[in-house]
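Student: My questions concern the predicted model and sequence given below.
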Amino acid sequence: MLSDLHCHILPGIDDGARDEEMSGALLASEREQGAGQIIFTPHFYADRMQTEKFIEDRDRAFAGMEDRVLSLGLMAQKGAEVRMQEKLLDMDLAPLRLGNTHYFLLEWPFSAYPMWGEDVVYKLLDQGIRPLFAHIERYEYFFRNEENLEYFRSLGCLFQVNADTVLNPRQQYQVFHLIKDGYLHVTASDAHNTAGRPSNLKKALDCIRENLGDPIADWMIRNADHIFHDRPVEILTRDIVSSYKNI
């Protein structure tokens, strides 16, 4: 069973699914691919949103899809993709966690590394919340710099890659090497719609399986399951590393 920890499937709440019809189509696609667990993660921007209003809107959007979720046999939780902003330093971040877990989906700025980013990470860690960096490939200061990744990995942070990036021939080489070096822990769909940004979760995991081997793909599947159920993520073992194919 696959777990999607990052998606924009809830209708009419952000730049994701525009209505319940599109949400239903995305949910059906997830189920067809073998997903059984989903955390809905609409965007949260601290500079223009209030936590209480965001949660109210998110819960309303979820309520409109709950029967569809249940009819497809999906387990679902509600979370957020929280944009890294300085205002987070003054907020209670616990309500924005991934469901009932102590994990937190954190989106960094795409252009420049924020000097106060480390402070936000430490604030989360001090609250017993473990950051999961969303789509790491979108930040050149991380994607092309293992030294920066290593620093945050040493603190206990985790890193997610989008399924479409795994499938992108121009980015695959770097993605596979980051997986091989233990810097990418899970892949997720980041699905927004049925046309330009659908869910390709199974295709991405099949691609990882084909290029890096069954143990690596299974390790990433287990990691997503562990996060969904608030269990610790597994550390790469010697047996798994020895299974790598040449890339």
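Tutor: Nice, thanks for sending it over.
Student: Please identify which helix or strand holds F159.
Tutor: For F159, the host element (DSSP states H and E) is strand 158-162.
Student: And the contacts of the following helix or strand past that strand?
Tutor: Once strand 158-162 ends, the next helix or strand along the chain (criterion: DSSP H and E) is helix 163-166. For helix 163-166, contacts defined as CB atoms under 8 Å, 6 or more residues apart in numbering pick out 135, 137, 171-172, 175, 187-190, 197, 199-201, 203-205, 207-208. Heads up, the C-betas are built off the backbone N, CA and C, glycines and all.
Student: now, which of those residues lie within strands?
Tutor: T187, A188 (DSSP state E).
Student: What are the boundaries of the strands in the protein?
Tutor: Using DSSP E, strands in the chain cover 2-4, 35-40, 43-44, 75-78, 81-83, 103-107, 130-133, 158-162, 186-188.
Student: Save these as JSON lines, and put in mean pLDDT and distance to D92 too.
Tutor: As requested, the strands of the chain are arranged in JSON lines below (pLDDT from 0 to 100; distance: least, CB to CB, whole Å):
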{"stretch": "strand 2-4", "mean pLDDT": "98", "distance to D92": "27"}
{"stretch": "strand 35-40", "mean pLDDT": "98", "distance to D92": "20"}
{"stretch": "strand 43-44", "mean pLDDT": "98", "distance to D92": "13"}
{"stretch": "strand 75-78", "mean pLDDT": "98", "distance to D92": "17"}
{"stretch": "strand 81-83", "mean pLDDT": "98", "distance to D92": "12"}
{"stretch": "strand 103-107", "mean pLDDT": "98", "distance to D92": "12"}
{"stretch": "strand 130-133", "mean pLDDT": "98", "distance to D92": "16"}
{"stretch": "strand 158-162", "mean pLDDT": "98", "distance to D92": "22"}
{"stretch": "strand 186-188", "mean pLDDT": "98", "distance to D92": "25"}
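Student: got JSON lines for those, with mean neighbour count and distance to K53 too?
Tutor: JSON lines is the format used below for the strands of the chain (neighbours: other CB atoms under 10 Å; distance: least, CB to CB, whole Å):
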{"stretch": "strand 2-4", "mean neighbour count": "24", "distance to K53": "25"}
{"stretch": "strand 35-40", "mean neighbour count": "24", "distance to K53": "17"}
{"stretch": "strand 43-44", "mean neighbour count": "20", "distance to K53": "11"}
{"stretch": "strand 75-78", "mean neighbour count": "19", "distance to K53": "15"}
{"stretch": "strand 81-83", "mean neighbour count": "23", "distance to K53": "15"}
{"stretch": "strand 103-107", "mean neighbour count": "24", "distance to K53": "19"}
{"stretch": "strand 130-133", "mean neighbour count": "24", "distance to K53": "24"}
{"stretch": "strand 158-162", "mean neighbour count": "25", "distance to K53": "26"}
{"stretch": "strand 186-188", "mean neighbour count": "28", "distance to K53": "26"}
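Student: which one of the ones you listed lies closest to E21?
Tutor: Nearest to E21, of all the strands of the chain, is strand 35-40, at 16.7 Å by CB to CB.
Student: For the closest one, name the packing helices and strands.
Tutor: Strand 35-40 sits against strand 2-4, helix 51-71, strand 75-78, helix 214-228, with contacts defined as 3 or more CB pairs under 8 Å, 6 or more residues apart in numbering; DSSP states H and E.
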